[in-house]
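In: Just to be clear, the model below is a prediction. Sequence and coordinates:
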Amino acid sequence: MILSKRWLNDYCKIDIDDKEFAEAITLTGSKVEGWEHEGEELKNIVLGKIAAIEKHPDSDHLWVCQVDIGAEEPVQIVTGAQNLKTGDYVPAALHKSVVAGGQKITKGKLRGVLSNGMLCSVAELGLTVNDFPNAIEDGIMTITDECELEPGKDIREVLRFNDTKIEFEITSNRSDCMSVTGLAREAAATFGTKFNMPKPIVNKGHGDVNEHLKVTIHNPELCYRYIGAVVENVRIKPSPLWLRERLRASGVRPINNIVDITNFVMLELGQPMHAFDLRYLEGNEVNVRNAKAGETITTLDGEERTLTEDMLVIADAEKPVAVAGVMGGEYSGIMDDTTTIVFESACFNGYSVRSTAKALGMRTESSSRYEKELNPESCMLCIMRALELLQMLDAGDVVNGMIDVFPTPKPEVTLPLDAKWINDFIGINLSADEMTAILEKIGFTVENGIITAPYFRNDIEHQADISEEIARFYGFEKIPNKKLGGVAEAKLTEEQQFERLVETTMRAIGYNEISTFSFISPKAYDKILLAEESEMRNSVVISNPLGEDTSVMRTTAIPSMLEVIARNYNYRTPGGKFYENATTYKSNGLSELPDEKKMLTFGEYGPQSDFYTIKGTAEELLAVLGIQDAEFVAYKNSATFHPGRTAKIVVGDTELGIIGEIHPNVCKNYKIGAKTYIGYLDSSALFAIKNTERVYQQLPKFPALTRDLSLVCDKQLEVGALKRAITQSAGKILEKVELFDIFEGAQVGTGKKSVAFSLTLRSPERTLTDSEADNAVQKALDALIKIGAQIRS
Amino acid sequence: MLKKLDEIKQQAIEELGNITDKADLEALRVAKLGKKGVITGILKQMGSLSAEERPIVGQKANQIRGEIESLIKQKQAQLQQAEQERKLAAETVDVTVPGKKPEIGHTHPLSIVLDEVKEIFSGMGFDVVEGPEVEWDYYNFEALNIPKGHPARDTQDTFYITENMLLRTQTSPVQIRTMEKRNPPLRVIAPGRVYRSDAVDATHSPLFHQIEGLVLDEGITMADLKGTLEAFAKRLYGEQTKTRFRPHHFPFTEPSCEMDVSCFKCGGKGCSMCKGEGWIEILGGGMVHPKVLKNGGVDADKYSGFAFGIGLERLVMFRFGIDDMRLLYENNLKFLEQF
């Protein structure tokens, strides 16, 4: 909402610096976003009067003007415009002046003749011919006696192009502040000045409105009230300067007196109005009804709109002539030859207007007010004001009477004034009288302890709403700042501690935390080669997505990770390690919320990375979480991963996740030219089996013995199996088995490999003898031989 | 002979002065003190001396031997020290060569600031709770006093799954869920992802983060809200921070407010960061609407409370001077490594 400060002053006198005004009214709840002074960039442009004009001696199109600027001597200015004559008043940009757009004007010679400046067109002043209808587009602006014609006076003052435009952010509960009077009421209450609401008076006209118009509301739920008034002998002409300048400063283009009156009333009082040309209302009827399916209307902006049955229209006997509360039809609009009009002052259901405007893709000044839900009480005031203005402007002859169809009045809102409740709620201590004084400033009445809300405040329904009115005019800054009392214990839950440990560990291992979108493209499942029938394709689908790329909630964060890696690879970053404790969404159909599962997803690429680095990460994390019995099982069933370099991580029957190299075809889909490794672990599964309780283990008192075992076996025999054979057979004194070498080559024979382990043996009770150690090793060897391994000779 | 002994000592001192390595020193030791050395030579000649002279010369010879011995030891120590110094000098490294950096992972800037916010509120007794991102219309709107058709729904362009299921547009539904689960007194914050149908640009994202806060107890007033949020602002931005509460409108709080903090760049004088206003808006809040308490099953006659919502991205962007929100979701390593 843009507020003209000049207009504001019609209802309350406020003479205060703009910044101070903005801050104070912001603090009582009407937030100022900024302000702007009209014509601010214009410098050193004054009103000039053409004292003499003659042809340029060396040009057939230039004119040399002697311009009276109120000084002793006229100034000489050369112009190329053809519309000037002696006696014209014009804007004269003098030497060292600035015109609209920031262009600087200095004196100079035009074909040898000195020109001490420039005469300006409307556009060069930052104005339009709508603002000054006497002016022409392509020529110098000539100024009529609607302005104060005092040569030498600053042009902004002459044209009254010096208003201050204040931009407000109006919250959705305050439809009343979408108007100059609404904001004036707030301003007057803020600064403690008097507020004068217009009280329109309409002089007696002629005839009887009932002979011209019939109004029927067919849907009283969507149209609360409709008042129609008729004006004959309409005299279409431009509005006077005072009216045009107020519209201009409010950001509305002046058009003609009738249209301007409807806009003026809307801006002044907050309720949109409309005017129809009665010639084009078939049967002289106004029918407020729902559109019929397939009905069309060409709106004032020239667009043909197809309507649906849930949209409310104003129709004549046959066809829609306006989309109710949104925009009028072109056909029945006001034209230069219009003679008889109908003024409409109506109130429509806000939700209906809003959804209609949205469906038609046309949010207008009108719809943006109706959609906040207005009160039908304002309809009479508005039509009276429109007729008063019409008479004031001599724009036509009012027909006596109005047709007021008012099926759906809104109940008055009353509440007891409960000062104690309000004081306790806000934390202040005001008397009921002090509260009453505040409420009365903003239009409430308080009688016998009962508050009646003014009709224009549709946001008042509870004691808490009253308390807000009290608080904002008492002053939020005066409410004390109190520290919360009482005892409160705050503690991270076990899950939160677990998550923190997981993430700290991931970063300690060198992975960078990332944050990716939770929605992905369904095509991502194709890109990671997910099987057509995979359950993972069963996503939660957004019915109104911004685009396909963000249209389904991810069931896996692998595509997100791949995108991050692809982006970094594309930025020529040689390698990187990333993790995200990513939420994934498993659909439970449309009648239950999905399961939101956190999947710790980690990925890496670059020269440092291979299968064993990502496996090491998983192992380290599992160790930190105290999960000791996790097994890594070769996994070939996912097309996303390399069939020979992927493992499933399981503990007993529980699957914790997968780690592996991404399949080269998937990398190709993401245009990643490096080997990429990704793993994920189900966060809740980890949480369920974690064991982060630590108990001190006695440090060894006796020395350990070590024995190395160098074996040869078939290439396919997994190291895990060999290790298991050792740990299961070597007995209690086996403290640790570590793999220290794997080798394949001609020396060990084709299809074979050599595997070397280092065994640490120790007893907590005594120093082991060599033979005890040898014994244990022999037992391990026996078990190894059983599964097909041999000592390497 | 006594004179000879003095000469031997004198000579040894001179010779020691010229010695620079261990081998020469050893040779000198053998020549002076060895079995065939000069001192031994003197002692061998003692037979030719008178009985009175013998003990005198013997004593003198032993004294000289002792003196030379200790001189040699001294020299030995000197040589060792010199040798170590040479060795250390040879081991000199170029301290300006970059070190071998351990690879550590970096925390995402969103998490850095979120952790800080959590810690501040945790210190004031707030628990951290969570709620679902895919949410029922009821929790996201209806229960928060935003019925169907309410204009506030328009300002939060919503992604719908079905007519009744949606991606939450705010963390406020966690207020209702918390009221349903816990009884007052309670203090919680609920950080999380929220979704609005805004196209991506430098200051908009269809996905962003909010931190919801809720306090319920007997006798909670607007003064508690102001005191708590002011304390938060001072802990986040420093004790010198000033706060300003402006009336605002949220359907689920009444009165509602927005809190501005004095610009942390210019201190309130007005600069490019605060667009000349001297204030920066960081959160919205208000007293929980009694209707909302009722919807959450809380006895509104007994309890009151306040709630607030903080936009995390805004805090992060101001904190680190990030001018484009997209950077937060792009995850460029060169960006992540800066934090």
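Out: Nice, I can see it.
In: Tell me how many other residues crowd the residue of chain A found nearest chain B.
Out: With CB to the nearest CB, the shortest gap between chain A and chain B falls at residue A:488, namely 2.7 Å. Heads up, the C-betas are built off the backbone N, CA and C, glycines and all. Residue A:488 has 15 neighbours, counted by other CB atoms under 10 Å in any protein chain shown.
In: top helix in the chain by residue count?
Out: As the question left the chain open, I've gone with chain A. For chain A, the helix with the greatest residue count under DSSP state H is helix A:770-786.
In: switch to chain B, that's the one I care about
Out: Assignment by DSSP H; longest helix in chain B turns out to be helix B:53-90.
In: if we can go back for a sec, next up, the contacts around the residue of chain A closest to chain B.
Out: B:124, B:125, B:126, B:185, B:187 (CB atoms under 8 Å, 6 or more residues apart in numbering or on different chains).
In: nearest to chain A, of the residues you listed?
Out: Nearest member of the contacts of residue A:488 to chain A, counting by CB to the nearest CB, is residue B:125, at 2.7 Å.
In: Just the buried positions in stretch B:268-281, please.
Out: Across stretch B:268-281, burial judged by 16 or more other CB atoms under 10 Å in any protein chain shown covers B:268, B:274, B:277, B:278, B:279, B:280, B:281.
In: Not counting residues beside it along the chain, what's closest to the fourth one?
Out: Same thing as residue B:278. Nearest residue to residue B:278, sequence neighbours excluded (CB to CB, 6 or more residues apart in numbering or on different chains): residue B:268, at 4.1 Å.
In: ok, back up a step: tabulate the contacts of residue A:488 (TSV), appending secondary structure, neighbour count and pLDDT.
Out: Listed next are those as TSV, based on DSSP: H, G, I helix; E, B strand; the rest coil; neighbours: other CB atoms under 10 Å in any protein chain shown; pLDDT from 0 to 100:
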residue	secondary structure	neighbour count	pLDDT
B:124	coil	18	93
B:125	coil	18	93
B:126	coil	24	95
B:185	coil	17	93
B:187	strand	23	95
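In: filter the residues you listed by proximity to chain A?
Out: Filtering those for proximity to chain A by CB under 8 Å from any CB of the partner chain leaves B:124, B:125, B:126, B:185, B:187.
In: before we move on, the earlier item: any chance of TSV for the buried residues of stretch B:268-281, columns distance to residue A:213?
Out: As requested, these are exported to TSV (distance: CB to CB, whole Å):
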residue	distance to residue A:213
B:268	60
B:274	56
B:277	52
B:278	56
B:279	53
B:280	55
B:281	50
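In: And those, which is closest to residue A:573?
Out: residue B:280 (33.9 Å; CB to CB).
In: Three-state assignment for the closest one, please.
Out: strand (DSSP: H, G, I helix; E, B strand; the rest coil).
In: I'd like to know the average pLDDT value across the following helix or strand past the longest helix of chain B.
Out: For helix B:53-90, the following helix or strand on the C-terminal side (DSSP states H and E) is helix B:109-123. In this model, helix B:109-123 carries a mean pLDDT of 96.
In: circling back to that earlier point, farthest pair within the contacts of residue A:488?
Out: Farthest pair in the contacts of residue A:488 (CB to CB) is B:124 and B:185. Separation: 13.2 Å.
In: hang on, the earlier thing: what's the longest helix of chain A packed up against?
Out: strand A:705-714, helix A:719-729, strand A:752-761 (3 or more CB pairs under 8 Å, 6 or more residues apart in numbering or on different chains; DSSP states H and E).
In: Could you rerun that using 6 Å?
Out: The contact analysis (3 or more CB pairs under 6 Å, 6 or more residues apart in numbering or on different chains; DSSP states H and E) places helix A:770-786 against strand A:705-714, helix A:719-729.
In: which of the residues in it are buried?
Out: For helix A:770-786, a neighbour-count test (16+ other CB under 10 Å) marks A:772, A:773, A:775, A:776, A:777, A:779, A:780, A:781, A:783, A:784 as buried.
In: Which neighbours in the sheet does the helix or strand that comes right after that helix have, and how are they oriented?
Out: The helix or strand immediately downstream of helix A:770-786 is strand A:790-791, counting by DSSP H and E. Counting by DSSP bridges, the strands paired with strand A:790-791 are strand A:705-714 (antiparallel).
In: what's the average pLDDT for the partner strand?
Out: Here strand A:705-714 scores 93 as its mean pLDDT.
In: got the angle between that strand and helix A:719-729?
Out: Here the directions of strand A:705-714 and helix A:719-729 differ by 130 degrees (axes from the mean of the first three to the mean of the last three CA atoms, to 10 degrees).
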